[in-house]
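A.B. asks: my questions are about this predicted structure, shown below with the sequence.
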There are 4 protein chains.
Amino acid sequence: MLPIGGNNLTHIMSKKIIRRESIIQAAIEVFSKKDFKTASISEIAQKAGIADGTIYQYFKSKEDLFFSIPIEKTNEFRSQLELHLEGISGAFNKIRKFVWYFLYFFKTNPDYGRILMLEMRVSKSFVKTETYGFLKQSVSQVMNIITEGQNEGVIRQDTDIYVLRHLILGILEHMVSRWLLKEEKYDLLEHHEEVSRILIDGLRAIPPNHLT
Amino acid sequence: MLPIGGNNLTHIMSKKIIRRESIIQAAIEVFSKKDFKTASISEIAQKAGIADGTIYQYFKSKEDLFFSIPIEKTNEFRSQLELHLEGISGAFNKIRKFVWYFLYFFKTNPDYGRILMLEMRVSKSFVKTETYGFLKQSVSQVMNIITEGQNEGVIRQDTDIYVLRHLILGILEHMVSRWLLKEEKYDLLEHHEEVSRILIDGLRAIPPNHLT
Amino acid sequence: MLPIGGNNLTHIMSKKIIRRESIIQAAIEVFSKKDFKTASISEIAQKAGIADGTIYQYFKSKEDLFFSIPIEKTNEFRSQLELHLEGISGAFNKIRKFVWYFLYFFKTNPDYGRILMLEMRVSKSFVKTETYGFLKQSVSQVMNIITEGQNEGVIRQDTDIYVLRHLILGILEHMVSRWLLKEEKYDLLEHHEEVSRILIDGLRAIPPNHLT
Amino acid sequence: MLPIGGNNLTHIMSKKIIRRESIIQAAIEVFSKKDFKTASISEIAQKAGIADGTIYQYFKSKEDLFFSIPIEKTNEFRSQLELHLEGISGAFNKIRKFVWYFLYFFKTNPDYGRILMLEMRVSKSFVKTETYGFLKQSVSQVMNIITEGQNEGVIRQDTDIYVLRHLILGILEHMVSRWLLKEEKYDLLEHHEEVSRILIDGLRAIPPNHLT
DNA sequence: AATGAATGAGAATTCATTCAT
DNA sequence: AATGAATGAATTCTCATTCAT
């Protein structure tokens, strides 16, 4: 027979975790439709099926709840990306996969995309958050791939590595943002191959004879 | 001597126009520091040196005022850009100039940049505005340059022209946004040549032998 | 004919002052029935016949409104007291009058009394207010009377003057407080002569032969 | 050996009493820092090392807990006072001792003083409490002393005995209140002799020749 | 045309109290 | 008996907008 106390504790813990996650899920739905100021705690509580006050047992404030959203989502992104990159060799192949996965992730998480791309990414207070630091780390894989490509000799070394990262992420974030603003009316993955191709040609070492 | 009536009318008209512009100028200052919800009509009125109620003689609502900001700024951007492209031949040279001018414009207009890049570009209601359509036109020059390059045979034709445009603007907007969020702590023009080079290599027709 | 502008301005000013006073009057009524925390801005606004928000055009906050109450009341107290002391000579006669007037003032201003005696006088944050300093000044007349009596040689000089002041005010405040807590069921002025007599005997110089 | 059941019961009983007292002790600490409304049950529970809900096993409500505070403290005051008066003869000597003990008690119990003097003494609902009646009894010793003095012929009989009591308690309560509001920055006992002297001179029968 | 006083809807947050475990 | 999660009522203050002057 298992000890009742331990069992009970576990049960309570998981109940708390489940509720916390259900609040975050409700928050994602609400914040993806209205901006931070416009969205209301009441609406989130209602969607989560709990009382307004209960939210404050799990989060210090509306802002705390808001900034808690990316944390689990980022973990999901990062761990899945790792799986997808598994077994792929060559920097360019990895970049192709990264481009695809980035777009795929937001295609399948448009609500979260709206929050991250159209709200947070653009908020000065978010940049000061620790969540932001956490998020930046999470795309550090891009940096690794670039470095790998430079070591392989296939990616140009005449350019600041941060500039290259900005290029890649800038393009991808822009694509996702436009797609969301256009209300997801087309397939976000549609052009992923073309985009990869151009990106890779831009990054490639030993560029072709300049004619211009 | 001109008829007094007409003179008077002109005088009144210009007074109205001048006041309208002074309101917009005040709005740019205020909206660049606070987001749409946080900024207050009162503060704008105070900065413009008029009464709160007076703003409603010139603009239907807070939103109307907000969305009126880009119009004159866009005209300025477009006309100046034309001057800068004057006399330059070759699609790649024009792209280099466009990249430079785009960054230069926001380097010298950071307040407007904050509003356009960190607020409007990301607002669903803005996308539905006629101002948005107007803004899109204003970067149509990029499209012309791309087409020109394709006709010259120097820009790849295997890729959707809209995708190419997104690439260019996505990178530039991303650069400006990051710079603004980092509180303009570095020189926005710092990397403009590297960025142009990579962009052009990515766009270039007859890409080099693929080794990957 | 008087200048319209001036007339108009005066008119507006007095309207603002009148409204301010009507808010304070409503606040006195409400705060005298409920303590600071329990009383609500809504109730005050309703009693003043205006919208909740209007109060915030006249007072920065609930606290600001609360602490604004004593200011005009204190002015009233002080100026009336001066009139009542006019023409009275002799420190003891003045003390008798002061005792009478103090009790009389709160007998005729019980609502204000409840606020001052049962709320403010007992609040640590009030002691830090400038209103508190203002209030202390307002009873400085007591000090003058005591000093006068000491110079006349009729009031004892073996005791700290502040102690004497505390004695007088302590007794009077206590009488008012008890009377208010007992819901004004008896006449506050009932014992004013006895109290004066005892007080004066306590203060008197050349005390009688101590037998104890 | 005593029967186990009885022992156990006693044990349980005392455990309940001890916990009740520890809650009251925690309440004194918390209520002395914040007023009734501002103090929270949560904070009291935390300070007592128990769960919020547990408090409601010992007290009906927050108010009930609040008003339970003075009961034991009053018993302490009364019994100690009796000891201090023991063996002292003469009404004036007793008054001197009473003044001293009153101030001494609050000097050594400032937390309770804050609650009694700055909160309860001023609360209309407290006056209706049975605790209030109990408290009033506890200072009935003053009445006894006054009567004693009148019988001895040393205390004036031309004045209502309740007025005399109010005088004494009013002065003492005022002294304690001021001292607490001034954050105990000086010695509360500093002036106790002067105060006694003046009080006694005020109360004394056959007052000196009135010159006024 | 300009003013600015008045409006009143709206929202985050706190906390005493309950009750299932 | 003890717990502490959940409740939901209650309140201050802000601010876009209106409208009488």
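C.D. replies: Cool, the structure landed.
A.B. asks: now check stretch A:56-76, is it near chain B?
C.D. replies: No - shown here: stretch A:56-76 not in contact with chain B (CB under 8 Å from any CB of the partner chain), separated by at least 13.2 Å. Just so you know, the C-beta spots here come from the backbone N, C-alpha and C atoms, and that holds for glycine as well.
A.B. asks: which residues sit against that stretch?
C.D. replies: Stretch A:56-76 is contacted from outside by A:16, A:19-21, A:23-24, A:27-28, A:31, A:36, A:41, A:44, A:55, A:109, A:112, A:115-116, A:120, A:125-126, A:129, A:131, A:134-135, A:138, using CB atoms under 8 Å, 6 or more residues apart in numbering or on different chains.
A.B. asks: and if you look at stretch A:192-209?
C.D. replies: For stretch A:192-209, using CB under 8 Å, 6+ apart, the contacting residues are A:92, A:95-96, A:99-100, A:103, A:146, A:149-150, A:153-157, A:164, A:167-168, A:171, A:175, B:156, B:158-160, B:163-164, B:167, B:198-199, B:201-204, B:206-208, B:212.
A.B. asks: among those, which are in helices?
C.D. replies: A:92, A:95-96, A:99-100, A:103, A:146, A:149-150, A:164, A:167-168, A:171, A:175, B:163-164, B:167, B:198-199, B:201-203 (DSSP state H).
A.B. asks: A:L81 in helix, strand or coil?
C.D. replies: Per DSSP: H, G, I helix; E, B strand; the rest coil, the local secondary structure of A:L81 is helix.
A.B. asks: likewise A:S89?
C.D. replies: Look at A:S89: counting by three-state DSSP, its state is coil.
A.B. asks: burial of it, as a residue count?
C.D. replies: For A:S89, the count of nearby residues is 9 (other CB atoms under 10 Å in any protein chain shown).
A.B. asks: distance of it from D:F126?
C.D. replies: Going from A:S89 to D:F126 by CB to CB, to the nearest Å gives 81 Å.
A.B. asks: out of the contacts of stretch A:192-209, which end up buried?
C.D. replies: A:92, A:95-96, A:99-100, A:103, A:146, A:149-150, A:154-156, A:164, A:167-168, A:171, A:175, B:156, B:159, B:164, B:167, B:198-199, B:201-204, B:207 (16 or more other CB atoms under 10 Å in any protein chain shown).
A.B. asks: so which bits of chain A are right by DNA strand E?
C.D. replies: Contact residues (CB under 7 Å from any atom of the strand) of chain A with DNA strand E: A:N8, A:A39, A:S40, A:I41, A:S42, A:D52, A:G53, A:Y56, A:S61, A:K62, A:E63.
A.B. asks: repeat that for 10 Å
C.D. replies: A:8, A:11-12, A:30, A:34, A:36-45, A:51-57, A:59-66 (CB under 10 Å from any atom of the strand).
A.B. asks: quick check, pLDDT for A:K15.
C.D. replies: For A:K15, the model assigns a pLDDT of 82.
A.B. asks: what helix or strand is it on?
C.D. replies: helix A:4-33 (DSSP states H and E).
A.B. asks: give the next helix or strand downstream of that helix.
C.D. replies: helix A:41-48.
A.B. asks: give me the domain ranges for chain A.
C.D. replies: If you go by automatic domain parsing, the domain ranges for chain A are A:1-59, A:63-212.
A.B. asks: of those, which is nearest DNA strand F?
C.D. replies: Distance to DNA strand F, taken as CB to the nearest atom of the strand, is lowest for domain A:1-59 among the domains of chain A, at 1.8 Å.
A.B. asks: buried residues in the one helix or strand A:E72 maps to?
C.D. replies: Taking DSSP H and E as the definition, one finds A:E72 inside helix A:62-85. Residues of helix A:62-85 classed as buried: A:62, A:65-70, A:73-74, A:77-78, A:81, A:85 (neighbour count, 16+ other CB under 10 Å).
A.B. asks: once you drop chain neighbours, what's closest to A:R96?
C.D. replies: Nearest residue to A:R96, sequence neighbours excluded (CB to CB, 6 or more residues apart in numbering or on different chains): A:S196, at 4.5 Å.
A.B. asks: quick one: that neighbour from B:L167, how far?
C.D. replies: Taking CB to CB, one finds A:S196 at 11 Å from B:L167.
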